[in-house]
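*Asks:* Build me a model from this:
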Amino acid sequence: MTGFEHVDVRDEGAIRWVAVRRPRDRNSIHSALMAELGRLLDESERANVRALVFTGTGPTYFIGGADGVEMMRLDPERGEAFSERFQRLLSRMEASPLILVAAINGLCFGGGFELALACDFRVASTTARIGLPEVKVGLIPGGGGTQRLPLLVGRGLATEMILSGRLYPGDEAARLGLVHRVVAPEALEEETRRLLESVLRHPAYALSLAKQAVRAAGESALEDGFRTERALFGRCFEQTFFSDLMTEQLRNGSLQTSMDVRDILGKDET
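*Replies:* Numbers count the residues shown, from 1 in each chain. You can find the predicted model right below:
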């Protein structure tokens, strides 16, 4: 793909690798990068892509927060607008039907960790350091971190993380549930591929509906979540994947039943 100034894009089958490239700015997130990531997401959803993997260029930074030089010029009104722009991008990512992975190859703090929180999976290298240190510079997380982190690890740990501003090494981040897997730096790409291979073998529509149902758990009351799950479960039957699979298993004998299935298999096959 071309036309992107702040990211390098590489396709590998159904997986699109997206490396944030702002080496002189800690790979930090500024408004122009937000716009590029939004456009990249739109174009990827229209292409033959099933997964996006976000990582950072260079050996040091995954994404080093939001851009401090852009933010130092903000006043309260524009600060709120900056936060809204960032939150809108991350909510758009979270709602994508694609599978999103953060391959955390280095320092991942502030806005970088907030972006990772909006991904479906987080795979970190042992050299990664992860956290939300905004209070150390007189700010608070503005990309949804105060809302997504408690949903991930609980209010108690999230409060400690945000108020201390501490960064957590990759191994400890995995123990705390901040990331799904931690591996040696040289194994990061291969482990990410292995994780995606186990997920992408499933039908794309089922993955998308499952994502929507899980997201409802954090956005609504329990009964509303059940209602969303029911509706999404019903939509699974807009596709023939399940019925085709069951028919195949009935025919090859791997699915046994006491029910009359002659209407499915035909009289000669029962």
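*Asks:* From what I see, residue 118 and residue 100 are in contact.
*Replies:* Yes. Proximity of residue 118 to residue 100 meets the contact threshold set by C-beta atoms under 8 Å, at 7.2 Å. For glycine as for every other residue, the C-beta is placed from the backbone atoms N, C-alpha and C.
*Asks:* Find residues that contact each of these two.
*Replies:* 93, 94 (C-beta atoms under 8 Å, 6 or more residues apart in numbering).
*Asks:* And the pLDDT at residue 134?
*Replies:* Looking at residue 134, its pLDDT reads 97.
*Asks:* residues near it, how many?
*Replies:* 22 (other C-beta atoms under 10 Å).
*Asks:* Next up, the contacts around it.
*Replies:* 110, 140, 141, 142, 145, 162, 165.
*Asks:* State the helix or strand in which residue 16 lies.
*Replies:* strand 15-20 (DSSP states H and E).
*Asks:* avg pLDDT for that strand?
*Replies:* Mean predicted confidence for strand 15-20 is 98.
*Asks:* Which elements pack onto that strand?
*Replies:* Applying 3 or more C-beta pairs under 8 Å, 6 or more residues apart in numbering; DSSP states H and E, we find strand 15-20 packed against strand 7-12, helix 31-46, strand 51-56, helix 188-200.
*Asks:* List the contacts of the second one.
*Replies:* By C-beta under 8 Å, 6+ apart, the surrounding residues in contact with helix 31-46 are 1, 4-7, 9, 16, 18, 20, 22, 52, 70, 82, 85-86, 89, 92-93, 96-98.
*Asks:* Emit the PyMOL select command for whichever of those residues are buried.
*Replies:* In PyMOL, this line selects whichever of those come out buried by 16 or more other C-beta atoms under 10 Å:
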select buried, resi 4+6+7+9+16+18+20+22+52+70+82+86+89+93+96+98
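*Asks:* Could you check the pLDDT of residue 2?
*Replies:* Confidence score, pLDDT, at residue 2: 69.
*Asks:* and if you look at residue 164?
*Replies:* For residue 164, the predicted pLDDT is 98.
*Asks:* now do residue 265
*Replies:* 86.
*Asks:* if I pick it, what's in contact with it?
*Replies:* Each residue near residue 265 by C-beta under 8 Å, 6+ apart is listed here: 247, 250, 251.
*Asks:* residues of stretch 225-244 that come out buried?
*Replies:* 225, 228, 229, 232.
*Asks:* and what of stretch 59-75?
*Replies:* For stretch 59-75, by 16+ other C-beta under 10 Å, it's 61, 62, 63, 64, 65, 66, 67, 70, 71.
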